[in-house]
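Peer 1: need a structure here:
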Amino acid sequence: PVQEKEKPETKEEAMVKELEVIAEKPATQMAREQEPRILADGLAVTIDGRALRVKASDYAIKKFSRNVATIIVAEEETIGHFVEWAKVSTKRIKSVNRRGATKRLRVGTAIKIPLTKAKAENFERKRLEYHMSLLEDFFDVYKVDGEKEITVKRGKSMWELCVIENQTPIWLVMLYNPNVNLDRIAAGDIINLPVVVKK
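Peer 2: A predicted model of the protein is given here:
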């Protein structure tokens, strides 16, 4: 009988295998490996033994129109970052946006970047690498010490709820709530909040 060729291993299957190996390690070895590690080509991390997926689509270009890309501003991003990643001037970015749009960037708002499709892939790669480096830098100083459920209160923004009241960056809360659109939460919604402490 003709043997069927084995299907190539997907990124998700590779991640599951690696986590299974982690689970089989002795406690002493586990203790040395509790630091977050990037898995599956930078699209997933494991924090305290739990696999959390970083959505590359959150940092992807949303649409193109005549060599102008539209993106959604994420945490810790500045005009200077866009200038560096797109290799264009601040003046050029300002020229394709409405007046005042670039003076004070707000997380979750759209901004236009002069960018050819040929340079788009490099822009997205640089952007994702930057945010993964933020994750690594954060966990050099902090660690997650469990998690808790909180109910969103009326009139509270995600910034107030996460950063002001609980000293937890929004990007980390996003990792713990992969099926929740934090831009559209309403009063009464429940989210998982990682408890962050200094090492």
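Peer 1: Okay, helices next: where are they in this structure?
Peer 2: Applying DSSP state H to the chain gives helices spanning 11-23, 27-32, 79-86, 90-95, 117-141, 158, 165-166, 170-176.
Peer 1: Which one of these has the poorest average confidence?
Peer 2: Mean pLDDT is lowest for helix 27-32 among the helices of the chain, at a mean of 38.
Peer 1: circling back to that earlier point, I'd like the helices of the chain as CSV, with distance to residue 71 and mean neighbour count appended.
Peer 2: (Each C-beta comes from the backbone N, C-alpha and C, glycine too.) Below are the helices of the chain laid out as CSV (distance: least, C-beta to C-beta, whole Å; neighbours: other C-beta atoms under 10 Å):
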stretch, distance to residue 71, mean neighbour count
helix 11-23, 24, 13
helix 27-32, 38, 9
helix 79-86, 8, 17
helix 90-95, 11, 14
helix 117-141, 8, 15
helix 158, 19, 17
helix 165-166, 27, 14
helix 170-176, 15, 20
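Peer 1: Which one, of those, ends up nearest to residue 147?
Peer 2: helix 170-176 (6.3 Å; C-beta to C-beta).
Peer 1: which other helices and strands contact that closest one?
Peer 2: Applying 3 or more C-beta pairs under 8 Å, 6 or more residues apart in numbering; DSSP states H and E, we find helix 170-176 packed against strand 50-53, helix 117-141, strand 190-198.
Peer 1: So in that sheet, which strands flank the last one, and in what orientation?
Peer 2: Each strand that strand 190-198 pairs with, and the sense of that pairing, follows from DSSP bridges: strand 142-151 (antiparallel).
Peer 1: before we move on, what about the first one?
Peer 2: For strand 50-53, the pairing partners within the sheet under DSSP bridges are strand 44-47 (antiparallel).
Peer 1: Stretch 79-95: how far from the chain's middle?
Peer 2: 21 Å (C-alpha atoms, centre = their mean, to the nearest Å).
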